[in-house]
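Novice: how would this look folded up:
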Amino acid sequence: MSSKDLCILVLAAFSVPQFIVKAETPAKHEQNNQVCANMNIRYVIFKDDHIKDPVNSQYDKRTLGVMLEESAFSEDNLIKLSKCLMSKYSEPNWLFIWVYTNMEQLSPPDAPAISESGKPSDIDKHHWAFMVRAEGNEFFRYNLNPPSSDLKTVVIKGKEVFTPQN
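Specialist: Now for the predicted structure:
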């Protein structure tokens with residue numbers, strides 16, 4: 001399946017909120033281009049939810065859903081992708097990015113993530129990652145060898161602020 005076909009499939013399969021194009025200053029746009037230049041990684045952002053805190057903008061949150069070609073899934077490419085998206089989405093302070101590599105990992109709209117039989121979703125059958133920016137810290141976790149659920153954490157900046165549950 002080509003990347004174009006994957007993009008069309010992802011966009012058709014999900015109710016994607018209308019993206020808001022933010023005007024960027026030339027300096028900010030140039031900085032984003034430098035961070036994302038020469039990545040040679042093909043990905044599609046299929047979800048962009050920005051939740052504004054009505055009282056304090058310090059607690060605004062953004063969640064991105066990203067589909068990445070499974071053949072491009074590696075720690076080095078995840079570092080590049082993380083730095084690119086963290087730069088591109090410099091606000092708000094809280095950013096959560098889910099990276100998937102196969103449509104099977106996504107629940108259809110309005111479907112539970114866990115089936116009635118109690119089986120977990122199909123997330124661990126393929127590579128995936130969860131990237132976080134919180135309180136000035138940036139890190140991500142990814143599964144090493146699907147279908148195993150073993151995770152590795154990579155800290156980009158600061159420290160890991162969430163600890164895995166045992």
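
Novice: okay, CA-based contacts and neighbour counts for the rest of this
Specialist: OK.

Novice: next, give phi and psi for residue 102.
Specialist: phi -150, psi 140 (degrees, to the nearest 10).

Novice: quick one: residues contacting it.
Specialist: Residue 102 sits next to 67, 69-70, 126 when contact means C-alpha atoms under 8 Å, 6 or more residues apart in numbering.

Novice: redo that, cut-off 10 Å
Specialist: Applying C-alpha atoms under 10 Å, 6 or more residues apart in numbering to residue 102 gives the contacts 6, 67-70, 122-123, 125-128.

Novice: from residue 54, how far out is it?
Specialist: Relative to residue 54, residue 102 is positioned 35 Å away (C-alpha to C-alpha, to the nearest Å).

Novice: and what of residue 97?
Specialist: To residue 54, residue 97 is 22 Å away according to C-alpha to C-alpha.

Novice: between the two, who's got more neighbours?
Specialist: residue 97 (22 against 8; other C-alpha atoms under 10 Å).

Novice: that one belongs to a strand?
Specialist: Yes: membership of residue 97 in a strand is supported by DSSP: H, G, I helix; E, B strand; the rest coil.

Novice: touching, it and residue 140? I think so.
Specialist: Yes: proximity of residue 97 to residue 140 meets the contact threshold set by C-alpha atoms under 10 Å, at 8.9 Å.

Novice: who touches both of these two?
Specialist: Counting by C-alpha under 10 Å, 6+ apart, the common neighbours of residue 97 and residue 140 are 82, 129-133.
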